[in-house]
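>>> Following is a predicted model, sequence given first.
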Amino acid sequence: MQKVTIEYCKLCRWMMRAAWMGQELLTTFNEELDELSLKKGTGGVFDIYVNNQLIFSRKKAGRFPEITELKQLVRDQIAPDKSLGHSDKNR
């Protein structure tokens, strides 16, 4: 079972950003993802987990992920052979 969790800061009002990124992931990985959840947090958190493993932290990176970057990070965890088309880095 492949699961993505996006934890976002509710005080910073980042729910819409988290929902949009989740929608993008569900669209791109419609066959591979079994579950996507949004989890409310505080303290400026915007962390993304695949199968409970942290793959991106806004605090550690000092920024939000670009959507193409996020798709690549998720792909590398759940479907390494999947092509992302034009949004793929040179592989």
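Cool, got the structure. Numbering: from 1, shown residues only.

>>> hey, let's count contacts and neighbours off CA atoms from now on
OK.

>>> what's the helix or strand for Asp81?
Using DSSP states H and E, Asp81 maps to neither a helix nor a strand.

>>> Around it, count how many other residues there are.
By the criterion of other CA atoms under 10 Å, Asp81 has 8 neighbours.

>>> Next one, pLDDT for it please.
Per-residue pLDDT puts Asp81 at 91.

>>> What distance separates the opening and closing residues of stretch 28-36?
Counting by CA to CA, to the nearest Å, you get 12 Å between the two ends of stretch 28-36.

>>> what sits up against that stretch?
Contact partners of stretch 28-36, identified using CA atoms under 8 Å, 6 or more residues apart in numbering, comprise Met1, Gln2, Lys3, Val4, Thr5, Ile6, Gly22, Leu26, Lys71, Ile78, Ala79.

>>> which residues does the third one contact?
What that stands for is Lys3. For Lys3, the contacting residues are Leu33, Asp34, Glu35, Leu36, Ser37, Val50, Asn51, Asn52, by CA under 8 Å, 6+ apart.

>>> can you rerun that using 10 Å?
Shown in contact with Lys3 (CA atoms under 10 Å, 6 or more residues apart in numbering): 32-37, 49-53, 74, 78.

>>> Let's have the contacts of stretch 28-36 in a markdown table, adding distance to Arg58.
Below are the contacts of stretch 28-36 laid out as a markdown table (distance: CA to CA, whole Å):
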| residue | distance to Arg58 |
| --- | --- |
| Met1 | 25 |
| Gln2 | 22 |
| Lys3 | 19 |
| Val4 | 16 |
| Thr5 | 14 |
| Ile6 | 11 |
| Gly22 | 16 |
| Leu26 | 21 |
| Lys71 | 15 |
| Ile78 | 21 |
| Ala79 | 23 |
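
>>> Narrow these to those in helices?
Gly22, Leu26, Lys71, Ile78 (DSSP state H).

>>> Many thanks, have a good one.
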